[in-house]
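# Need a 3D model of the following:
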Amino acid sequence: MRIFKSIKWRLQLWYGLILVAVLAGFGFTAYQLERGRQMGRIDDELQRRYGILVNALRRPPPPRGPDENRQPFDRPPPDQFPEGGPQDQNVRPPFEFRLPPQIAGLFDTNNPNDFYFVISSRDGEDIARSANVPQVLTNLAASPLVEMGSMPETRASPDRPPRPRAMGDAEEIYQQLQSGETIRVGCSIAPELKELHRTALKLTGIGGVILLFGLAGGWWLVSRALCPIENISSAAVKISAGDLTQRINLAEAESELGQLATVLNSTFARLESAFAQQKQFASDAAHELRTPVSVILTQTQTALNRERDAESYKQTVEACQRAAQRMRRLIESLLALARFDAGQEVLKRQHFDFTSTIADCIELVKPLAAERGVKILIELEPMEFTGDSERLAQVVTNLLTNAVQYNQPNGDVRVKLESSGGLAVLTMADTGQGIAAADLPRVFERFYRGDQSRTGAGNAGLGLAICKVIVEAHGGMIEVSSRENAGTIFTIRLPAA
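Next comes the predicted model:
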């Protein structure tokens, strides 16, 4: 069933089963304790009255008159004993038994729910009984308890006191004394059974109310606990439909699901940023490629419109070549960034002299520096490194070219390599025009170009982005600091070999 596949319903059912088990166990225990208390009280009273009757049978009754001196049980004269005389221990003569007044008050009542007693002789004849003996026990001899073969063979023993037992709606003690008399002491437990029935109903009612409120509270707690999941699902559905601005409502940021929602919100934010960058990347790439393509088309169409001399054709071809070269450089840069983003760019892991690689890059840029009158000052510590020397040379060359190209006439560029805290730190500082504070946080973004007077019209804005991904692929980081008209400092930190 679908209901059992719902986390909310499964939690609610499990919680309900536990609550029912706890309430049932508590109610059963409370009922048994109350029943034990009431039955124990009745048993104690039965035991006390039984003991009183036994003691009364063993004591002679009080004198009834000055002329009466009879036996304790008012036995008849010896000549009235049956044949065999009193020496026959299997036959007991009939006698009369009277309870003392102070004891009779414990039984002398007509209330059928009060305590009663029956004392019988060996042959089953009643010696004494209370007035409130139940009707079913009026003829004791006919009772199933005293039918031949069914009467318990129990004798009074100080080591084994009688134990009460249930007889329908009554609790009784039935015991045969050593002298042959049988004592039955009982009490109706109908009022107690009714009270226990009412107690059971009360416990059931209270348990039902607690169960109802518990289930309602459990449903509220489960719904509140799973609310972040519903928010997560709702946000995910909207995001999958294309709305990347959706976020999860962090109503309970301290709970586990709240922490999950925080992580997912961060993921959604990065996803939105990645899609925005991808969209901007595609737009910028199309814009950058459109310019050289337009140049090539314009030049070829002009050349094809009319006849031209050889020099004009040569100029047209050279313009198309420059546009194609710019397009090639742009495509190569785009492919390099795409490979780095996809993790498909395989870097060489070779041990090389980093100081020598930097020196080679400086020699490569020196003609451009000499053309602009820029001096390159070198301060390099001997250092070896493990990585892709060609890619790192590309980074150094790009940064040096920018430092020379955007420097002041007759300025200088300081290149310093040192070891610090287990890192190789490369610093390039120029004395150029600097970078505007508004542009500084975005200089490593792809296709970002700030001041056109600094960047130039032919710059696609991918050089620093490529430098950043190469450095990060080597486990390092690149930073920039600048002041307008005071110069710019690029700092590269790489893990030393």
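# In terms of helices and strands, where is residue 112?
For residue 112, there is no host helix or strand (DSSP states H and E).
# Please tell me how far it sits from residue 31.
Distance, residue 112 to residue 31, by CB to CB, to the nearest Å: 26 Å. Glycine gets a C-beta too; all of them are placed from N, C-alpha and C.
# swap in residue 55?
Using CB to CB, residue 55 is found at 36 Å from residue 31.
# Compare the two and say which is more crowded by neighbours.
Set residue 55 next to residue 31 and count neighbours by other CB atoms under 10 Å: residue 31 wins out with 16 against 10.
# what does the average pLDDT come to for the host helix or strand of that one?
Using DSSP H and E, residue 31 sits in helix 7-58. Averaged across helix 7-58, pLDDT comes to 87.
# So which other helices or strands are in contact with the next helix or strand after that helix?
Using DSSP H and E, the helix or strand that follows helix 7-58 in sequence is helix 101-104. Packing partners of helix 101-104 (3 or more CB pairs under 8 Å, 6 or more residues apart in numbering; DSSP states H and E): helix 7-58.
# Tell me the helices and strands packed up against the helix it packs on.
Helix 7-58 makes packing contacts with helix 101-104, strand 115-120, strand 170-176, strand 182-188, helix 190-240 when contacts are defined by 3+ CB pairs under 8 Å, 6+ apart.
# Deepest in the core, which of those is it.
Of all the helices and strands packed on helix 7-58, strand 182-188 has the most neighbours on average by mean count of other CB atoms under 10 Å, namely a mean of 24.
# so how far is it from its chain's centroid?
62 Å (CA atoms, centre = their mean, to the nearest Å).
# Contacts for that strand, please.
Under the contact criterion CB atoms under 8 Å, 6 or more residues apart in numbering, strand 182-188 has outside partners 42, 45-46, 49-50, 53-54, 57, 112-122, 134, 137, 140, 145-146, 151, 167, 169-177.
# Just say helix, strand or coil for residue 446.
coil (DSSP: H, G, I helix; E, B strand; the rest coil).
# Let me see the contact set for it.
With contact taken as CB under 8 Å, 6+ apart, residue 446 is in contact with 277, 280, 281, 284, 337, 461, 462, 465.
# Among those, name the ones in strands.
With strands defined by DSSP state E, no entry of the contacts of residue 446 lies inside them.
# Got a quick ChimeraX command for the buried subset of those?
Entered in ChimeraX, the line below selects the buried ones among those, by 16 or more other CB atoms under 10 Å:
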select :281,284,337,461,462,465
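# and the angle for the helix holding residue 31 with strand 170-176?
40 degrees (axes from the mean of the first three to the mean of the last three CA atoms, to 10 degrees).
# Near residue 122, how many other residues are there?
Neighbour count for residue 122, taken as other CB under 10 Å: 14.
# Use 238 as the first number for this chain going forward.
Got it, first residue is 238 now, which makes that one residue 359.
# Surely it touches residue 417?
Yes. When contacts are counted by CB atoms under 8 Å, residue 359 is listed as touching residue 417 (3.8 Å).
# Downstream of the helix or strand hosting residue 568, the next helix or strand is which one?
Using DSSP H and E, residue 568 maps to helix 547-579. Proceeding N to C from helix 547-579, the next assigned helix or strand is strand 587-590, under DSSP H and E.
# rewinding a little: can I get the contacts of residue 683 in TSV with distance to residue 275 and pLDDT?
Formatted as TSV, the contacts of residue 683 follow (distance: CB to CB, whole Å; pLDDT from 0 to 100):
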residue	distance to residue 275	pLDDT
514	81	73
517	85	73
518	86	72
521	90	70
574	88	76
698	93	72
699	93	79
702	88	86
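# Against residue 526, how distant is the closest residue to residue 699 other than its chain neighbours?
Sequence neighbours aside, residue 570 is the residue nearest to residue 699 in space, at 4.4 Å (criterion: CB to CB, 6 or more residues apart in numbering). Going from residue 570 to residue 526 by CB to CB gives 11 Å.
# What about residue 484, how many residues nearby?
Look at residue 484: counted by other CB under 10 Å, it has 17 neighbours.
# Okay, it and residue 476: tell me how far apart.
9 Å.
# Spit out the residues that contact the two alike.
residue 505.
# Which residues lie in contact with residue 652 in this structure?
When contacts are counted by CB under 8 Å, 6+ apart, residue 652 touches 595, 599, 613, 614, 615, 616, 617, 637, 663, 664, 665.
# I appreciate the help and will end here.
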